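S.K.: need the 3D shape of this:
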Amino acid sequence: MNKNNLIATETINPRTKKLDRAAALQVASLINREDKVAVQAVQKAAKPIARAIELAAKTYLTGHKIIFIGAGTSGRLGVLEAVECVPTFGVKPTDIQGIIAGGKKAMFRSQEGAEDNATQGAKDILAKARANDFVIGLTASGTTPYVLGALEAAKKNGCHSALLACNSKADATNADIFIYLPTGPEALNGSTRMKAGSATKMALNAITTGAMARAGKIYENLMVDVQPTNQKLVRRAIRLIGTIAETDEKTAAKLLKASGNKVKTAIVMHVKKCTRTQADQLLKKHHGFLREILHGK
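M.R.: Residues are numbered from 1 along each chain as shown. Prediction:
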C-alpha cells in the first residue's frame, strides 16, 4: 500500500512498534510521550480555535445554538462537551447540543456503519439546526461521510460551520473554519480515541470555555453561572460567593439560598446591598456580565 495515500492517523507510528513487548512502565511512558503531541497539536491550531471561540460566543449571544456532530469517539466527545456546559455555565440543554451517529445508543455501544451514512448526517443536523446556528463537525480522519453530509446540509441551511479534524487534507469545503489538529500516527495504530481524541477534547474545552467567558458566564477564572445541583457544587457556589463578595461562609450560604441558588445574583445582592429582584435587574441590564456591575468595565 502506498503510505503517501494514508491519512496521518492511519500510518504506523515507528516510536511505538515494540508496544506489545514493552513492560508496563515502558507502555505508560511511551503513551505519555505521544500524548504530549496532542497538546502541541492544539497549540498549533490556536488561530482557528480562536475564530471558533468568537463565532461560538456570537452565536450564543444572539440566541442561536451551538451544535457538535460526529461519529464514534469524536461524536461522544461532542456530546460530552455539550452535556458538561449545562451545569458548568448554566446554559439550557438546547443552547449547546451534541449529535452522534447512531443516536443515543451509540454513546454506550459502537454502531457500526452509522458513520458511513452521509444522508443520515444531513437528516440529523437538519432536525436540530436552523439558520445562524453554529455547527461544528468532528472527525479525526476528516473523511467521515456522516459528518461531511451534516456540514453540507447545515451550510445550505444558512448555518455557520467548522470542521475539526486531524487530517490536513480533510474536506473542509463546507466549513467556515477548519481546525486542523496535527496529532500524527497513534501509539496504537488507527486508535483515534488516543491522541486525536485527547486533542479534540482539549480544543472543544477551549472553544466552549472561551465562548462562555465572552458571554459573561465567567468572572476572572471562576464559573459564576455554575448550577449548584449537588453537594459538591453547592459548596463551590458558596465558596465563589464568599470569595468574590468578600464575606464569610455562613453569610454566603444564606445569600445563595436568598438568591434562588444563583451565584451572580447572590454576589450582586451583597455587594450592592439590594434585593434579589434588583440584583436580577442589574444583571439583565448588563447582559449577565458581573464585572461590569462590580467594576464598571
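
S.K.: downstream of whatever helix or strand Ala52 lives in, the next helix or strand is which one?
M.R.: Assigned by DSSP states H and E, Ala52 belongs to helix 46-61. Downstream of helix 46-61, the next assigned helix or strand under DSSP H and E is strand 66-70.

S.K.: same for the very next helix or strand once past that next one, what does it pack against?
M.R.: Next helix or strand after strand 66-70 toward the C-terminus (DSSP H and E): helix 72-89. Helices and strands touching helix 72-89, as assessed by 3 or more CB pairs under 8 Å, 6 or more residues apart in numbering; DSSP states H and E, comprise strand 66-70, strand 96-100, strand 134-138, helix 195-214. Placement of C-beta: from N, CA and C, glycine included.

S.K.: so what's the closest residue to Gly260 other than its chain neighbours up against?
M.R.: Distances taken as CB to CB, 6 or more residues apart in numbering put Arg276 closest to Gly260, at 6.6 Å, once the chain neighbours are dropped. Residues near Arg276 by CB atoms under 8 Å, 6 or more residues apart in numbering: 258-260, 265, 269.

S.K.: mind picking the two most distant members of those?
M.R.: Comparing all pairs in those by CB to CB, the longest separation belongs to Gly260 and Met269, at 10.5 Å.

S.K.: quickly note the distance from Lys201 to Val226.
M.R.: 20 Å (CB to CB, to the nearest Å).

S.K.: before we move on, back to that, quick one, the helix holding Ala52 and helix 195-214 angle?
M.R.: Interaxial angle, helix 46-61 versus helix 195-214 (axes from the mean of the first three to the mean of the last three CA atoms, to 10 degrees): 50 degrees.

S.K.: now the angle between strand 134-138 and helix 46-61, please.
M.R.: Using the same axes, to 10 degrees: helix 46-61 against strand 134-138 is 140 degrees.

S.K.: okay, now the unreliable bits of the stretch 151-297 of the chain?
M.R.: 297 (pLDDT under 70).

S.K.: excluding residues flanking it in the chain, which one is nearest Ser57?
M.R.: One thing to correct before we go on: residue 57 is Ala, not Ser. Going by CB to CB, 6+ apart, Ala57 has Arg214 as its nearest residue, at 3.8 Å.

S.K.: so how far is Leu290 from the one you found?
M.R.: As judged by CB to CB, Arg214 and Leu290 stand 14 Å apart.

S.K.: and if you look at Gln278?
M.R.: For Gln278, the distance to Leu290 equals 15 Å [CB to CB].

S.K.: counting neighbours, go ahead and name the busier of those two.
M.R.: The neighbour count for Gln278 versus Leu290, taken as other CB atoms under 10 Å, is higher for Leu290 (25 against 14).

S.K.: Val224 is in contact with the more buried one, correct?
M.R.: Yes. Under the criterion of CB atoms under 8 Å, Leu290 makes contact with Val224 at 5.8 Å.

S.K.: now list whatever residues contact both of those two.
M.R.: 244, 264, 267.

S.K.: does the last one sit in a helix, a strand or a coil?
M.R.: Meaning Ile267. Following DSSP: H, G, I helix; E, B strand; the rest coil, Ile267 is assigned to helix.
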